[in-house]
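Asks: no FASTA, just this:
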């Protein structure tokens with residue numbers, strides 16, 4: 001039995017995905033989340049085989065949530081769901097550790113194939129994604145796709161994602177179950193490591209490096 005976790009901020013989408021997946025005799029949905037932080041917490045607790053992750057998620061974006069999940073729970077493979085077939089999205093998803101990338105317009109039999117492939121440890125991308133783009137990623141290799149957040153710890157990455165989305169220290173503390181003082185410390189360390197001294201520059205950095213991919 002392949003256990004699957006659904007991460008999407010739309011209830012109707014999660015319901016539809018559950019219906020598609022549980023029509024398969026060997027698949028079972030074991031949990032759901034409506035934002036990236038909740039997905040990280042629940043996946044770490046439930047340890048599913050495969051996570052289906054919407055690329056656009058509140059609190060913690062789908063790509064960053066994928067990186068965090070693959071770090072905290074390496075046994076859980078991730079399939080990204082997205083409306084976008086652009087190279088920037090796909091490269092960053094694969095770099096974050098996703099094995100699958102499925103366009104929402106073809107979420108059906110294509111998604112089932114992606115889940116099965118991920119469970120086997122194999123990559124599967126939507127057919128509409130050009131072979132040339134895939135070959136370019138493989139040619140470049142993960143080592144040549146720089147991770148702008150490499151100097152940061154997992155917690156500092158979470159704080160960064162929440163800061164550039166406009167959350168206050170108090171709100172971040174609530175979301176991460178930390179004290180406001182701890183959040184301020186993580187925020188200060190994160191900005192120091194990135195060589196950034198103010199919020200506008202931090203937001204600019206996030207945009208330049210594709211950390212705010214939502215259109």
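Replies: Everything's here; your move. Quick caveat: nothing in here was measured; it's all calculated off a predicted structure. Numbers count the residues shown, from 1 in each chain.
Asks: Buried residues in stretch 152-166, which are they?
Replies: 152, 155-165 (16 or more other CB atoms under 10 Å). The C-beta positions use only the backbone N, C-alpha and C, and glycine is treated the same way.
Asks: Likewise for stretch 65-76?
Replies: 65-70, 73, 76.
Asks: Which residues does the top helix by length along the chain contact?
Replies: In the chain, assigned by DSSP state H, the helix with the most residues is helix 180-194. Helix 180-194 is contacted from outside by 151-152, 155-157, 159-160, 163, 169-170, 172-173, 176, 178, 197, 202, 205, using CB atoms under 8 Å, 6 or more residues apart in numbering.
Asks: how about CSV for the buried residues of stretch 152-166, with pLDDT and secondary structure added?
Replies: Output for the buried residues of stretch 152-166, formatted as CSV (pLDDT from 0 to 100; DSSP: H, G, I helix; E, B strand; the rest coil):
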residue, pLDDT, secondary structure
152, 87, coil
155, 87, helix
156, 89, helix
157, 86, helix
158, 86, helix
159, 89, helix
160, 88, helix
161, 83, helix
162, 87, helix
163, 88, helix
164, 85, helix
165, 82, coil
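Asks: Give the bridge partners for residue 27, please.
Replies: residue 2 (DSSP bridges).
Asks: And the strands in this protein?
Replies: For the chain, the strands defined by DSSP state E cover 2-7, 27-33, 50-54, 77-82, 100-103, 124-125.
Asks: just to revisit the earlier point, mind putting the buried residues of stretch 152-166 into CSV with distance to residue 43?
Replies: Formatted as CSV, the buried residues of stretch 152-166 follow (distance: CB to CB, whole Å):
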residue, distance to residue 43
152, 20
155, 17
156, 20
157, 16
158, 14
159, 20
160, 20
161, 17
162, 18
163, 23
164, 23
165, 21
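Asks: so who does the closest residue to residue 105 other than its chain neighbours touch?
Replies: Distances taken as CB to CB, 6 or more residues apart in numbering put residue 83 closest to residue 105, at 7.5 Å, once the chain neighbours are dropped. For residue 83, the contact set (CB under 8 Å, 6+ apart) comprises 55, 103-105.
Asks: Tell me how the chain divides into domains.
Replies: Domain ranges of the chain: 2-144, 154-208, per automatic domain parsing.
Asks: Please pull out the lowest mean pLDDT helix or strand from this structure.
Replies: Using mean pLDDT, DSSP states H and E, helix 131-140 stands out as the lowest-scoring helix or strand of the chain, at a mean of 65.
Asks: can you give me the mean pLDDT across the longest helix of the chain?
Replies: In this model, helix 180-194 carries a mean pLDDT of 90.
Asks: gap between that helix and the chain center?
Replies: Centroid separation for helix 180-194 versus its chain: 22 Å, with CA atoms, centre = their mean, to the nearest Å.
Asks: do the same with stretch 109-123
Replies: 17 Å.
Asks: Buried residues, that stretch. List them.
Replies: 110-119, 123.
Asks: and for that stretch, what are the contacting residues?
Replies: Contacts of stretch 109-123 (CB under 8 Å, 6+ apart): 2, 4, 17, 20-21, 24, 27, 49-50, 52, 77-79, 81, 94, 99-103, 124-127.
Asks: and what of stretch 156-169?
Replies: 36-37, 59-61, 64, 67-68, 149, 152, 171-172, 175-176, 180, 183-184, 186-187, 189-190, 193, 199, 202-203, 206, 211-212.
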